[in-house]
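Chemist: Fold the following and give me the result.
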Amino acid sequence: MGLLALLRKLKRAPDQELRILLLGLDNAGKTTILKKLAEEEISHVTPTQGFNIKTVQAQGFKLNVWDIGGQRQIRPYWRNYFEATDVLIYVIDSADQPRFTETGEELFELLDEEKLAGIPLLVFANKQDLVSAASAADIAKGLGLQGIRERNWHIQPCAAVTGEGVKVCGFIIGGNGMDDEFGRSQEEVGRESRGSDVLRCVPSVSCLIRCYAKRSEENESIPRAPHVFRKSRYTAAPPWAPYTMKHILDVKKPNDRVFMERKEEYRLYMQYYTQVRVIQEHFKREVRALEKAGEETLRLQEVAERKYDDLLKENDQENERLSKLRSVRLAREMEEMELNILERLEEHEEEERRKRQKALEAIQKQELASAAYIREDQLDRVIAEALENPVDYNFVLYLDGTILRGRTTRPPPPVSAAVALAAGGEDLKMPEKEKFDPETSPEFVPQQIQEKAAS
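Modeler: Residues are numbered from 1 along each chain as shown. As a prediction, the model looks like this:
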């Protein structure tokens, strides 16, 4: 049974208040544990920049839990919260093994503080639900918690997210619901401190109160534990409370020290209040600075977003303008291509017309030329017409129907068709084609014809 369990047994006052200090490195899970103790929602947890205070009702105790931020720049202010602390809870991130050395140094600096001497220590080995988490036994061995002899301590494995292992009342009331595998009870501390001449820590005072409680149970006339025991938090035994049974009943009543105690409490309260106000003002300034920085960041972000929107609009406008220009250019090119095609078609049609015209002219010339030829069925008629109408046709007609064209010749004398036939029947001989030269003797044929005709 622990010290607070004895106090609870000696005085059954409702809603007894205990001040619990919750410390640890940043991102260790202190705020999550506090919310779990207060049975609050943990879906949204942010790093603590200053401190959080929550009151938890548990088994007749009113637990005022102070959650202080664990950032490096906030740790120097921890000592401002050491006054009137009943229980120290230290949270360790079991999965953050590279920071075990740092968290051990911070823990033992806290244990060396004079204002925290003898105060019970509860270590939460948090984040046990992670695969990389170290066990509570390994953490206790690595930090050397077994060497702590002047206080009651316990290390509790837990997972703040799931709520497994997050319990404080068992440790405060005296071990109910807590595993004693990794811890040190007040009886062990009290037994080791019995040999010393003076009391060195609060667990020794608990042994004294235990003896006093046993004596008061046997004799109802002996008053209950005085108020001074419940309020005393000394690193060494006070001169008015030696560790002997004969001096227990000689302790002065609290009424003899009310004024000095209240004066000292008021002084400590004012000191604490002043320090808290300074810390609050400091954090308020930091929060205002962060808010201003955040507002400036938001403003710059809005300006950047507006610029980005303007650039997008300009880009869309430029794309639209280029699209219109491209459409106009394509339309103009299509018109030019159509005109070129039409021109080529017209040229082709014109060429076809010229070819057809030339063909027609050639056909006409052929028809005219063919009309100038004398066919066999037209021979008699043509000869008759030629004899009746003498014209210089400028050609020679052979008997086989071949026509030989030459230079202009004198028209032959008029002769009748019978004379011409008689002259050309057997005696009229025409020179051969290859021997006839119209250049040398263009008048050969007409002279022979005339001679034959004259004879």
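
Chemist: Can you pull out the low-pLDDT segments for this protein?
Modeler: Applying pLDDT under 70 to the chain flags the ranges 1-15, 59, 169-259, 371-373, 390-399, 401, 403-455.

Chemist: hey, where'd the strands end up in it?
Modeler: Ranges of strands in the chain, per DSSP state E, are 16-24, 51-58, 61-68, 87-93, 121-126, 153-157, 183-184, 395-397, 403-405.

Chemist: Can you say which of these is packed in most?
Modeler: Burial of these is given as mean neighbour count (mean count of other Cβ atoms under 10 Å); strand 121-126 ranks first at a mean of 26. Backbone N, C-alpha and C define where each C-beta goes, glycine included.

Chemist: and that one with strand 16-24, angle?
Modeler: Interaxial angle, strand 121-126 versus strand 16-24 (axes from the mean of the first three to the mean of the last three Cα atoms, to 10 degrees): 50 degrees.

Chemist: Mind giving me the packing neighbours of strand 121-126?
Modeler: On a contact count with 3 or more Cβ pairs under 8 Å, 6 or more residues apart in numbering; DSSP states H and E, strand 121-126 meets strand 87-93, helix 136-143, strand 153-157.

Chemist: and Glu346, which of the ones you listed is closest to it?
Modeler: Among the helices and strands packed on strand 121-126, the nearest to Glu346 by Cβ to Cβ is strand 87-93 (91.1 Å).

Chemist: who's in contact with the closest one?
Modeler: The contact list for strand 87-93 (Cβ atoms under 8 Å, 6 or more residues apart in numbering) reads 18-25, 27-30, 33, 65, 99-100, 103, 107, 110, 116, 119-127, 139, 168, 171-172.

Chemist: circling back to that earlier point, could I get the strands of the chain as CSV with distance to Gln280?
Modeler: Formatted as CSV, the strands of the chain follow (distance: least, Cβ to Cβ, whole Å):
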stretch, distance to Gln280
strand 16-24, 17
strand 51-58, 9
strand 61-68, 13
strand 87-93, 22
strand 121-126, 27
strand 153-157, 31
strand 183-184, 36
strand 395-397, 140
strand 403-405, 136
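
Chemist: who wins for proximity to Glu349 among those?
Modeler: Closest of those to Glu349 is strand 403-405, at 39.3 Å (criterion: Cβ to Cβ).

Chemist: burial of Ile341, as a residue count?
Modeler: Neighbour count of Ile341, defined by other Cβ atoms under 10 Å: 10.

Chemist: Check the gap between it and Met260 for me.
Modeler: 117 Å (Cβ to Cβ, to the nearest Å).

Chemist: Stretch 27-40: end-to-end distance?
Modeler: End-to-end distance of stretch 27-40 (Cα to Cα, to the nearest Å): 19 Å.

Chemist: rewinding a little: make a markdown table from the helices and strands packed on strand 121-126 and add distance to Phe283 to it.
Modeler: Below are those laid out as a markdown table (distance: least, Cβ to Cβ, whole Å):
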| stretch | distance to Phe283 |
| --- | --- |
| strand 87-93 | 21 |
| helix 136-143 | 30 |
| strand 153-157 | 30 |
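
Chemist: And Ala384, how close does it get to Gln378?
Modeler: According to Cβ to Cβ, Ala384 stands 10 Å off from Gln378.

Chemist: Tell me where the longest helix sits in the chain.
Modeler: Longest helix in the chain by number of residues (criterion: DSSP state H): helix 258-372.

Chemist: Tell me what angle that one forms with strand 51-58.
Modeler: Calculated by the same axes, to 10 degrees, helix 258-372 forms an angle of 110 degrees with strand 51-58.

Chemist: Tell me which other helices or strands helix 258-372 touches.
Modeler: The criterion is 3+ Cβ pairs under 8 Å, 6+ apart, and there are no helices or strands that helix 258-372 contacts.

Chemist: tell me the angle it makes with strand 61-68.
Modeler: The directions of helix 258-372 and strand 61-68 differ by 50 degrees, with the same axes, to 10 degrees as the criterion.

Chemist: Identify the residues contacting Thr103.
Modeler: Thr103 touches 24-25, 28, 92-93, 143, counting by Cβ under 8 Å, 6+ apart.

Chemist: one more time with 10 Å
Modeler: Contacts for Thr103 (Cβ atoms under 10 Å, 6 or more residues apart in numbering) come out as 24-25, 28, 70, 90-93, 96, 123, 139, 143.

Chemist: Closest to Ala293 out of those residues?
Modeler: Looking at the contacts of Thr103 and their distance to Ala293, the nearest is Gly70, at 22.0 Å (Cβ to Cβ).

Chemist: State the distance from the closest one to Lys30.
Modeler: Counting by Cβ to Cβ - Gly70 and Lys30 are separated by 7 Å.

Chemist: shared neighbours of the two, anything?
Modeler: What both Gly70 and Lys30 touch, as defined by Cβ under 10 Å, 6+ apart, is the set 22-24, 47-48, 91.

Chemist: Same list, those residues, but as JSON lines with distance to Glu346 please.
Modeler: Shown next, in JSON lines, are these (distance: Cβ to Cβ, whole Å):
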{"residue": "Leu22", "distance to Glu346": "99"}
{"residue": "Leu23", "distance to Glu346": "100"}
{"residue": "Gly24", "distance to Glu346": "96"}
{"residue": "Pro47", "distance to Glu346": "85"}
{"residue": "Thr48", "distance to Glu346": "90"}
{"residue": "Val91", "distance to Glu346": "96"}
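
Chemist: Looking at those, spot the one nearest Asn315.
Modeler: Nearest to Asn315, judged by Cβ to Cβ, of those is Pro47 at 40.8 Å.

Chemist: burial of that closest one, as a residue count?
Modeler: Look at Pro47: counted by other Cβ under 10 Å, it has 11 neighbours.

Chemist: and it, what is it in contact with?
Modeler: 26-27, 30-31, 69-71 are the contacts of Pro47 under Cβ under 10 Å, 6+ apart.

Chemist: make it 8 Å
Modeler: Neighbour list for Pro47: 26-27, 31, 69, 71 [criterion: Cβ under 8 Å, 6+ apart].

Chemist: try Lys365
Modeler: If you count contacts by Cβ under 8 Å, 6+ apart, Lys365 has none.

Chemist: Give me the more crowded residue out of Gly70 and Lys30.
Modeler: Lys30 (28 against 24).

Chemist: my guess is the more buried one meets Leu21, correct?
Modeler: No. Applying Cβ atoms under 8 Å, one finds Lys30 not in contact with Leu21, separated by 10.6 Å.

Chemist: Which residues are in contact with each of these two?
Modeler: Between them, Lys30 and Leu21 share the contacting residues Ile68, judged by Cβ under 8 Å, 6+ apart.
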